[in-house]
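Novice: Provide a 3D model corresponding to the input given below.
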Amino acid sequence: MVRIRLRRVGRKKAPAYRIVVADSKSPRDGKFIEIIGQYAPRQSDDQKLTIDLDRVNYWMNVGAQPSDTVRSLLRRAGVLKARHETRLAQKLQNAAVALPEKSAE
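Specialist: Residues are numbered from 1 along each chain as shown. As a prediction, this is how the structure comes out:
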């Protein structure tokens, strides 16, 4: 399974993390598929989290599962709420299109 998770970089006692897409069986700091963001917990709030939203949505659409920590970071950044709202709007639009087709028959 493909996971979206954190990969530690930085110095000793000064952690920084890259948000990567990796196979779930590869080690934390091992081989990965793509870097899609970074998280620096010790930076100021505006520089703390950087995410490529298009790539996050792409990987989640093809089935990548975020780790618990990455899920909470995405939730704080508003990515999951925006994703939920767009998927809900698509579902409602598809239901509205399907409803007139049934009544026409």
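Novice: So which bits of stretch 3-17 are buried?
Specialist: 3-7, 16-17 (16 or more other C-beta atoms under 10 Å). From N, CA and C alone the C-beta is placed, and that goes for glycine too.
Novice: just these now: which is nearest residue 42?
Specialist: Nearest to residue 42 out of the buried residues of stretch 3-17 is residue 16 (C-beta to C-beta; 7.8 Å).
Novice: So for that closest one, what's the nearest residue that isn't a sequence neighbour?
Specialist: Leaving aside its chain neighbours, residue 16 sits nearest to residue 10 (3.7 Å; criterion: C-beta to C-beta, 6 or more residues apart in numbering).
Novice: circling back: taking the buried residues of stretch 3-17, tell me the two that lie furthest apart.
Specialist: Checking the buried residues of stretch 3-17 with C-beta to C-beta, the most distant pair is 3 and 16, at 19.4 Å.
Novice: And the strands in the chain, which stretches?
Specialist: Using DSSP state E, the strands of the chain run over residues 2-11, 14-23, 34-39, 49-51, 65-66.
Novice: neighbours around the closest residue to residue 1 other than its chain neighbours, how many?
Specialist: In space, and not counting its chain neighbours, residue 1 is closest to residue 24: 4.7 Å by C-beta to C-beta, 6+ apart. Neighbour count for residue 24, taken as other C-beta atoms under 10 Å: 11.
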